[in-house]
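A.B. asks: Next comes the sequence, and after it the predicted model I'd like to discuss.
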Amino acid sequence: MRILVIEDEENIAKLIKDGLESEGFAVDYVLDGEAGQSRVELCHADYDLIILDLMLPKRNGMEICKFARDNKITTPILMLTAKDGAEDIIGGLNVGADDYLTKPFSLQVLLARIRAILRRPTVALPVKLTIQNLTLDTTAKKLFKGDKEIKLTLKEFNLLEYLMRNPDRVLNREQILSNIWDFSFDSFSNVVDVHITNLRKKLGDKNGKIVKTIHGVGYQINS
């Protein structure tokens with residue numbers, strides 16, 4: 001496994017490098033944000049994990065993480081920083097970090113976090129979903145049709161997200177119920193149809209061109 005460390009304090013970068021290499025990892029490090037972003041952009045396919053400091057000269061860790069995710073770079077990112085406020089942690093995770101570890105830290109905890117991240121699926125779920133002229137921001141819980149925001153209830157949002165995460169696939173009512181409600185929900189209820197009707201009204205989809213009805217089966221949204 002090959003790891004990139006972006007950390008401006010060289011003594012810490014070297015400690016991480018030496019510690020991880022003693023455990024069998026191959027480790028490179030760079031010492032500022034500009035160099036870090038350039039390495040991420042050009043060489044991300046060479047790395048299994050990026051350890052990213054938050055406070056960096058020239059470009060901070062939040063900017064680098066956001067740049068990576070905006071450019072569909074899915075390499076796991078572990079943020080490593082002295083900032084331990086809730087807002088900092090939430091901000092880091094919301095821009096696409098996979099985990100967050102505060103300084104000071106022990107090598108054993110760092111190793112445990114790294115191994116946990118590397119056990120996860122290699123393809124990260126996208127934060128923003130775009131189909132036709134709809135954009136769904138799953139972090140902010142907002143839907144846009146073109147430039148116009150459309151207000152949805154939480155169930156409507158979850159229903160649309162489920163459809164958009166499964167484009168071109170016909171989803172039956174039982175699948176929708178078990179994913180959006182729960183397994184114990186009455187499968188004979190018309191709650192799915194009611195929510196689809198309400199969702200179409202808000203989308204201006206009177207003829208079912210966005211959310212299609214597949215008669216006798218269920219519903220589908222086409223990419």
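C.D. replies: Looks like it arrived, so ask away.

A.B. asks: and residue 100, that's in a helix?
C.D. replies: No - judged by DSSP: H, G, I helix; E, B strand; the rest coil, residue 100 forms no part of a helix; its state is strand.

A.B. asks: Which SSE is immediately downstream of the helix or strand residue 108 falls within?
C.D. replies: Per DSSP states H and E: residue 108 is located in helix 107-118. Downstream of helix 107-118, the next assigned helix or strand under DSSP H and E is strand 128-131.

A.B. asks: Mind listing what's buried along the one helix or strand residue 67 maps to?
C.D. replies: Taking DSSP H and E as the criterion, residue 67 maps to helix 61-70. By 16 or more other C-beta atoms under 10 Å, the buried positions in helix 61-70 come out as 61-62, 64-65, 67-69. C-beta coordinates here come from the backbone N, C-alpha and C atoms, glycine included.

A.B. asks: tell me what it is packed against?
C.D. replies: Under the contact definition 3 or more C-beta pairs under 8 Å, 6 or more residues apart in numbering; DSSP states H and E, helix 61-70 sits against helix 33-43, strand 49-53, strand 77-81, helix 86-94.

A.B. asks: quick one, domains of this protein?
C.D. replies: The chain breaks down by automatic domain parsing into domains covering 2-118, 128-221.

A.B. asks: Low-confidence bits of the chain, can you list those?
C.D. replies: Applying pLDDT under 70 to the chain flags residues 121-125, 181-188.

A.B. asks: quick revisit: could you dump the helix holding residue 108 to PDB, C-alpha only?
C.D. replies: Output in PDB follows, covering the C-alpha atoms of helix 107-118 (Å, rounded to 0.1, in the frame of the first residue of the first chain):
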ATOM      1  CA  LEU A 107       1.200   5.700  15.700                       C
ATOM      2  CA  GLN A 108      -0.900   2.800  16.700                       C
ATOM      3  CA  VAL A 109      -4.100   4.900  16.500                       C
ATOM      4  CA  LEU A 110      -3.000   6.200  13.100                       C
ATOM      5  CA  LEU A 111      -2.400   2.700  11.900                       C
ATOM      6  CA  ALA A 112      -5.800   1.500  13.200                       C
ATOM      7  CA  ARG A 113      -7.500   4.400  11.400                       C
ATOM      8  CA  ILE A 114      -5.600   3.700   8.200                       C
ATOM      9  CA  ARG A 115      -6.500   0.000   8.200                       C
ATOM     10  CA  ALA A 116     -10.200   0.800   8.900                       C
ATOM     11  CA  ILE A 117     -10.300   3.200   5.900                       C
ATOM     12  CA  LEU A 118      -8.600   0.700   3.600                       C
END
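
A.B. asks: circling back to that earlier point, using a markdown table, lay out the buried residues of helix 61-70 together with distance to residue 119.
C.D. replies: What follows is these, written out as a markdown table (distance: C-beta to C-beta, whole Å):
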| residue | distance to residue 119 |
| --- | --- |
| 61 | 23 |
| 62 | 26 |
| 64 | 24 |
| 65 | 21 |
| 67 | 26 |
| 68 | 21 |
| 69 | 21 |
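
A.B. asks: right, and the pair among those residues with maximum separation?
C.D. replies: Greatest spacing in those, by C-beta to C-beta: 61 and 69 (12.6 Å).

A.B. asks: Tell me how many other residues crowd residue 160.
C.D. replies: 26 (other C-beta atoms under 10 Å).

A.B. asks: What lies in contact with the helix or strand where it lies?
C.D. replies: Residue 160 belongs to helix 154-164 when assigned by DSSP H and E. Residues outside helix 154-164 that contact it (C-beta atoms under 8 Å, 6 or more residues apart in numbering) are 129, 131, 134, 136, 138, 141, 143, 152, 171, 176, 179-180, 192, 195-196, 198-199, 202, 211, 219-221.
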